[in-house]
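> just to be clear, the model below is a prediction. Sequence and coordinates:
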Amino acid sequence: MRLSIITISALVCLAGCSVQAPTGGPAQGAVTIGFIVKQPEELWFQHEWQYAQQCADQYGFKLIKMGAPDGEKVLSAIDSLAANKAQGFVICTPDVRLGPAIMAKAKTYGMKVFSVDDQFVGADGQFMDVPYMGISASQIGRQVGESLYAEFKKRNWPVEETAACAITFDELNTVKERTDGTFAALTEAGFPAERIYRGAEKITDVPAAFDAANIVLTQHPEVKRWIVFSVNEEGVLGAIRAMEGRGFTSENVIAIGIGAGIGFMEFEKTQPTGYFATAVISPKRHGFGTTELLYKWIKDSVEPPKDTRTKATIATRENYKQVKQDLGIE
Ligand code: FCA
């Protein structure tokens, strides 16, 4: 499931690689912006880049996209951006506790910083006062729970044969809030809390979710029907693949992810899988929107809003094309 390093480097200038500045440096008044992401192999982040590039093309500034999966790569990415005369960057950090180090380095170069998806946490454990755009995580998690419960009821599944598999990653607040929200909505609707089994993943990707789900499945061979939720689409997909490996199909799995990539690919398959719906969030708002706010901050000194939360729309195989069109995503 992981893309090879060659594929990744073809997609992205990994942190530390040098980007040639135009001869003589950027023209007077020219703007250069970086867009650093923690997991460049994840579709969500590739889509954020795609929309950030649309913004750069529309306004005519230079965009440098970089993948930085750890702290060292983040810091060298910022050095590389400085060498390319970037005035600022948008970042989804690989670790929210890097916030103070990132801000300190950006300050030495006089760069502006806009955080996206994952919010910086300071040494005191509080969220940092840095412009941020993220999803309305608890609310979206709840939407997932309500939709899962509605489908469970619609199918008339006997509760004693059904359990929920939650693939979680509690180290990161924005994703913990999602699975906590789903748990709350399911239990408030009447699903028994003791039938929700958690599998903690080591990182938020498909192979890690696959491993976490296999542990849950091994522990609960008695379960005949599964409800599945997680922090993102990858978490749900890993669980579905693990379930398929044990003979579960769309007939006995109801899974809902959060994202705007892999879920659509599941819907495009002729044979339905357990992937029942996606809470569609917008990589356009996060990619284009953050980059545009940062550009205006650099160019026209327009201060961006401090905290922006975006919403989700639940889409199934039946209506996902319309939902994508409504959100203006390709
Ligand atoms: C976090 C998750 C990603 C994506 C993003 C909006 O960064 O790790 O998968 O859901 O929030």
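Thanks, I have it. Numbering: from 1, shown residues only.
> hey, let's count contacts and neighbours off CA atoms from now on
Noted.
> who in this protein is up against the ligand?
Neighbours of the ligand within the chain, by C-alpha under 6 Å from any ligand atom: 117, 118, 204, 232, 259.
> which phi and psi does the residue in the stretch 51-200 of the chain that the ligand sits nearest to have?
In the stretch 51-200 of the chain, the residue found nearest to the ligand is residue 117; the distance is 4.6 Å by C-alpha to the nearest ligand atom. Per-residue torsions, residue 117: phi 70, psi -60 (degrees, to the nearest 10).
> looking at the residues of the chain next to the ligand, which is nearest residue 265?
For the residues of the chain next to the ligand, the closest approach to residue 265 (C-alpha to C-alpha) belongs to residue 259, at 11.6 Å.
> returning to that earlier point: and the residues of the chain next to the ligand, which two are furthest apart?
The span of the residues of the chain next to the ligand, defined through C-alpha to C-alpha, is set by 118 and 259 at 14.3 Å.
> quick one: contacts for residue 68?
Listed by C-alpha atoms under 8 Å, 6 or more residues apart in numbering, the contact partners of residue 68 are 14, 15, 36, 37, 38, 39, 40, 74, 77, 93, 94.
> most neighbours among the residues you listed, which one?
Within the contacts of residue 68, most neighbours by other C-alpha atoms under 10 Å means residue 36, with 29 neighbours.
> and whatever residue of the stretch 201-330 of the chain ends up closest to the ligand, what's its pLDDT?
Relative to the ligand, the nearest point of the stretch 201-330 of the chain is residue 232 (5.1 Å; C-alpha to the nearest ligand atom). Per-residue confidence at residue 232 stands at 98 (pLDDT).
> same thing with the one 4 residues further on?
Reading off the per-residue confidence, residue 236 sits at a pLDDT of 98.
> same check, this time on residue 228
At residue 228, pLDDT is 99.
> just to revisit the earlier point, can I get the contacts of residue 68 in CSV including secondary structure and pLDDT?
Shown next, in CSV, are these (DSSP: H, G, I helix; E, B strand; the rest coil; pLDDT from 0 to 100):
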residue, secondary structure, pLDDT
14, strand, 47
15, coil, 45
36, strand, 98
37, strand, 98
38, coil, 98
39, coil, 97
40, coil, 97
74, helix, 98
77, helix, 98
93, coil, 98
94, coil, 98
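> out of those, which is nearest to residue 255?
For the contacts of residue 68, the nearest to residue 255 is residue 39 (23.2 Å; C-alpha to C-alpha).
> now that closest one: phi and psi?
Residue torsions, per degrees, to the nearest 10, at residue 39 are phi -130, psi 80.
> please name the nearest non-neighbouring residue to it.
The shortest distance from residue 39 to any residue other than its chain neighbours is 6.0 Å, reached at residue 69 (C-alpha to C-alpha, 6 or more residues apart in numbering).
> phi and psi next, for that neighbour.
For residue 69, the backbone dihedrals (degrees, to the nearest 10) come out as phi -80, psi -10.
> wait, it touches residue 36, no?
No: applying C-alpha atoms under 8 Å as the test, residue 69 and residue 36 come out as separate, 9.5 Å apart.
> and the helices in the stretch 151-300 of the chain?
173-189, 206-219, 233-244, 262-267, 283-284, 290-300 (DSSP state H, counting those that start in this stretch).
> who are the packing partners of the longest one?
What that stands for is helix 173-189. When contacts are defined as 3 or more C-alpha pairs under 8 Å, 6 or more residues apart in numbering; DSSP states H and E, helix 173-189 packs onto helix 137-154, strand 162-168, strand 225-230.
> Serialize these to JSON lines and add fields for mean neighbour count.
Formatted as JSON lines, the helices and strands packed on helix 173-189 follow (neighbours: other C-alpha atoms under 10 Å):
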{"stretch": "helix 137-154", "mean neighbour count": "21"}
{"stretch": "strand 162-168", "mean neighbour count": "25"}
{"stretch": "strand 225-230", "mean neighbour count": "27"}
